[in-house]
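Trainee: Generate coordinates for the sequence data below:
(one chain, ligands or ions: 1)
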Amino acid sequence: MEDHCSLTIAIDGPAGSGKSTVARALADSLGIFYLDTGSLYRTWTWLVLHLGISPTSEDQVLDALQAHSIDLQISRDRELIIGIDGRRMGPELRSPEVTTCVPQLAVHSRVREIITDWQRQLAVGRKMVVDGRDIGTVVFPEADVKIFLTADVHERAERRLQEMNRHGHMSSFSEVKKALVERDLVDSTRSISPLRVADGAIVIDTTNRDVKTVVDTILIEIKMLRKRTARDCLDF
Ligand code: CDP
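Mentor: Prediction:
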């Protein structure tokens, strides 16, 4: 066996493409860690909103991190536990207010550098599935497997509406679709680390495909990679 079995499966894609559901299911089926990088951007956004700071001011956003501590830990059952000054973060990270403001914070280059650093530290010596917007392009360009998920905008908005309803946030389909399209635009046109398909990524359209079908497609890719490279780390 290899001494340090690190393995990175990168999954990028726009909101509602099925990233987090697929990434979590894939990580569970392989018995490895799932890193939701959106939650890191959401945590910092929650903090600045809580402090009454505008996420558009990079200096103030950075000052907020000087004065407060964000703590990241991985539990024994492979869950990422996020704390701010000792307070454990949960569903508040997915509130509509945080969701709307994250892209404003995520455009800042220093913010992205710091969060990229957190992600790389979490990856050391670890097997993981990691999802986000810039994973295969910037954070882990050498990832073992790179996936880019897409889906029809109507279906993405429908999925997001259902997710919001499950969390008790009521909204209309047209509002959800408009917000999603706006967020996609900011995420894919920003100058630093825009959302785009990484070199070597496998693009999977999840429209009308269930989670199991998508996960099975990725598992086949991992098997093929194992055959090509004979890496012990890919034995599952
Ligand atoms: O779950 P959903 O795709 O809606 O969002 P998320 O993955 O939680 O990400 C929320 C926001 O964080 C995105 O709209 C991006 O603005 C930002 N983000 C980013 O810039 N880079 C990442 N690797 C992950 C998230």
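Trainee: Buried residues, the one helix or strand Val203 maps to. List them.
Mentor: Assigned by DSSP states H and E, Val203 falls within strand 202-205. By neighbour count on 16 or more other C-beta atoms under 10 Å, the buried set for strand 202-205 is Ile204. Glycine gets a C-beta too; all of them are placed from N, C-alpha and C.
Trainee: what lines up beside that strand in the sheet?
Mentor: strand 145-150 (parallel) (DSSP bridges).
Trainee: which outside residues touch the partner strand?
Mentor: 8-14, 17-19, 22, 135-136, 197-198, 200-207, 214, 218, 221-222, 225 (C-beta atoms under 8 Å, 6 or more residues apart in numbering).
Trainee: Can you give the contact residues for the helix of greatest length in the chain?
Mentor: If you go by DSSP state H, the chain has its longest helix at helix 211-229. The set of residues external to helix 211-229 that reach it, using C-beta under 8 Å, 6+ apart, is 9, 18, 21-22, 25-26, 29-30, 144-145, 147, 149, 202, 204, 206, 231, 234-236.
Trainee: for stretch 78-95, same thing?
Mentor: Identification of contacts with stretch 78-95 by C-beta under 8 Å, 6+ apart yields 27, 32-36, 39-40, 42-43, 46-47, 68-75, 98, 122, 167, 169.
Trainee: Please spell out the PyMOL selection for the buried subset of the residues you listed.
Mentor: Here is the PyMOL command that selects the buried residues among the contacts of stretch 78-95 (16+ other C-beta under 10 Å):
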select buried, resi 27+32+33+34+35+36+39+40+42+43+46+47+70+72+98+122+169
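Trainee: what number of residues lie near the closest residue to Arg196 other than its chain neighbours?
Mentor: With sequence-adjacent residues excluded and distances taken as C-beta to C-beta, 6 or more residues apart in numbering, Arg196 is closest to Thr137, at 6.3 Å. The number of residues packed near Thr137 is 22, by other C-beta atoms under 10 Å.
Trainee: Could you pull up the contacting residues of Thr137?
Mentor: Here Thr137 is in contact with Asp12, Ser193, Arg196, Ala198, Asp199 (C-beta under 8 Å, 6+ apart).
Trainee: What mean pLDDT does stretch 87-99 get?
Mentor: Looking at stretch 87-99 alone, the average pLDDT works out to 95.
Trainee: what's the answer for stretch 133-152, then?
Mentor: On average, the pLDDT along stretch 133-152 is 97.
Trainee: what comes up buried for it?
Mentor: For stretch 133-152, burial by neighbour count (16+ other C-beta under 10 Å) applies to 133-140, 143-151.
Trainee: Quick one: end-to-end distance for that stretch.
Mentor: Terminal residues of stretch 133-152 are spaced 17 Å apart (C-alpha to C-alpha, to the nearest Å).
Trainee: what about it and the ligand, touching?
Mentor: Yes: Stretch 133-152 is in contact with the ligand by C-beta under 6 Å from any ligand atom, via Arg133, Asp134.
Trainee: Please determine whether the host helix or strand of Ala157 lies in contact with the ligand.
Mentor: Using DSSP H and E, Ala157 sits in helix 153-166. No: residues of helix 153-166 contacting the ligand under C-beta under 6 Å from any ligand atom: none, with a closest distance of 6.9 Å.
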